[in-house]
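Peer 1: Structure here, sequence nowhere to be found:
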Ligand SMILES: [Zn+2]
């Protein structure tokens, strides 16, 4: 698997000179399977640039096909969708996977975002591409584009989000973009879910101090991300979903401190990367 980061910021885009190194777009990760199939994880504003990059490929000719897997439908995870150029080209096909709730709910969320109050497009039906919506069921392995995909519901403020576990040819990538664990306890089921992953991309929204004041927002601190990574024995922790108010220099400090937390937790062998827009990682 190869992953490319197109948006690594949480909650709201944060453009400007202070955030240019890590980037200001919200969550979007491109996952390519060994066969070159495309699985997009989250549709934040980074998706717009991924779309532009896809135009010279089959997607520009209406011959593209991809999966979009959504951790949840908060705005920082869906807002890039109306600006994803391949959806306007007839012939392209997208399968959108999300958390299981009431039937049709996932499609209704996307349809709602195209409502004339929010978008001149009015409806998904006015897009050229075709869409299929599918609920991901927790604890059931799905096969998608040659990958084995499992998901787990993790707490996220007053709601939940999905964490993903992708496996291909003996390699494992876990992704948990938004995870707000109960204070002082990292759930065993979460540790089990991430166990032995080669790469864990994990919510690192806050310093522990900022998180203490904003726990109800449902995000992880770097200390929690380091704790989860150490206990699960992952190969590498990749930080993501930085608070919109953190400058690049503050994210540098976040990374240094996260390294120290990993070492304290017995995770000296665990690699640590702070994701940034444009970064490519082989899993
Ligand atoms: Zn988010």
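Peer 2: Looks like it came in fine. Predicted model only: the values in this text are computed from it and were never measured. Numbers count the residues shown, from 1 in each chain.
Peer 1: who are the neighbours in contact with whichever residue of the stretch 151-283 of the chain sits closest to the ion?
Peer 2: At 4.4 Å from the ion, residue 178 is the closest residue in the stretch 151-283 of the chain, using C-beta to the ion. Using the backbone N, CA and C atoms, a C-beta is placed for each residue, glycine as well. Each residue near residue 178 by C-beta atoms under 8 Å, 6 or more residues apart in numbering is listed here: 10, 71-72, 74, 77, 154, 156, 161, 203, 218-219, 241.
Peer 1: For those residues, work out which two are farthest apart.
Peer 2: Greatest spacing in these, by C-beta to C-beta: 10 and 154 (14.7 Å).
Peer 1: What does the pLDDT read for residue 139?
Peer 2: Model confidence at residue 139, expressed as pLDDT, equals 67.
Peer 1: what's across from the residue nearest to residue 148 when sequence neighbours are not counted in the sheet?
Peer 2: Spatial nearest neighbour of residue 148, excluding adjacent residues (C-beta to C-beta, 6 or more residues apart in numbering): residue 167 at 4.4 Å. Here residue 167 sits in beta bridges with residue 148, residue 172, going by DSSP bridges.
Peer 1: Next, find the distance separating residue 167 from residue 279.
Peer 2: 22 Å (C-beta to C-beta, to the nearest Å).
Peer 1: Is residue 162 in contact with residue 154, as I believe?
Peer 2: Yes. If you go by C-beta atoms under 8 Å, residue 162 and residue 154 touch, sitting 7.4 Å apart.
Peer 1: now the stretch 101-250 of the chain, which segments are flagged as low pLDDT?
Peer 2: Applying pLDDT under 70 to the stretch 101-250 of the chain flags the ranges 102, 139.
Peer 1: can you list the residues of it near the ion?
Peer 2: Residues of the stretch 101-250 of the chain lying near the ion by C-beta under 5 Å from the ion: residue 178.
Peer 1: how about the strands in the stretch 101-250 of the chain?
Peer 2: Applying DSSP state E, counting those that start in this stretch to the stretch 101-250 of the chain gives strands spanning 130-136, 142-144, 147-156, 159-168, 171-176, 199-203, 236-240.
Peer 1: what's the offset of the shortest one from the middle of its chain?
Peer 2: Its chain's average C-alpha position is 18 Å from that of strand 142-144, according to C-alpha atoms, centre = their mean, to the nearest Å.
Peer 1: who's in contact with stretch 132-146?
Peer 2: Counting by C-beta under 8 Å, 6+ apart, 33-35, 37-39, 67, 69, 93-101, 103-104, 106-107, 110, 148-153, 162, 168 sit against stretch 132-146.
Peer 1: out of these, which are inside helices?
Peer 2: Applying DSSP state H to the contacts of stretch 132-146, the entries found in helices are 106-107, 110.
Peer 1: Now do stretch 81-98: distance from first to last residue.
Peer 2: Stretch 81-98 has an end-to-end distance of 14 Å (criterion: C-alpha to C-alpha, to the nearest Å).
Peer 1: May I see the buried residues of it?
Peer 2: Residues 81-89, 92, 94-98 are the ones in stretch 81-98 that count as buried (16 or more other C-beta atoms under 10 Å).
Peer 1: Looking at these, which is nearest residue 236?
Peer 2: Looking across the buried residues of stretch 81-98 and measuring by C-beta to C-beta, the closest to residue 236 is residue 97, at 24.9 Å.
Peer 1: How about the contacts made by that closest one?
Peer 2: 67-70, 133-136, 142, 144, 149.
Peer 1: And these, which two are furthest apart?
Peer 2: Once C-beta to C-beta is applied, the contacts of residue 97 give 133 and 149 as the farthest pair, at 15.7 Å.
Peer 1: residues touching residue 228, list them.
Peer 2: Neighbours of residue 228 in contact, by C-beta under 8 Å, 6+ apart: 181, 186, 190-191, 194, 200, 202, 220.
Peer 1: actually residue 234, not the one I wrote
Peer 2: Contact analysis of residue 234 by C-beta under 8 Å, 6+ apart lists 174, 194, 196-200, 270.
Peer 1: what does residue 208 give?
Peer 2: Residue 208 touches 221-223, counting by C-beta under 8 Å, 6+ apart.
Peer 1: before we move on, what about residue 118?
Peer 2: residue 112.
Peer 1: just residue 242 next, same as before
Peer 2: 8-10, 22, 204-205, 251, 254.
Peer 1: from these, which is closest to residue 63?
Peer 2: Nearest member of those to residue 63, counting by C-beta to C-beta, is residue 8, at 29.8 Å.
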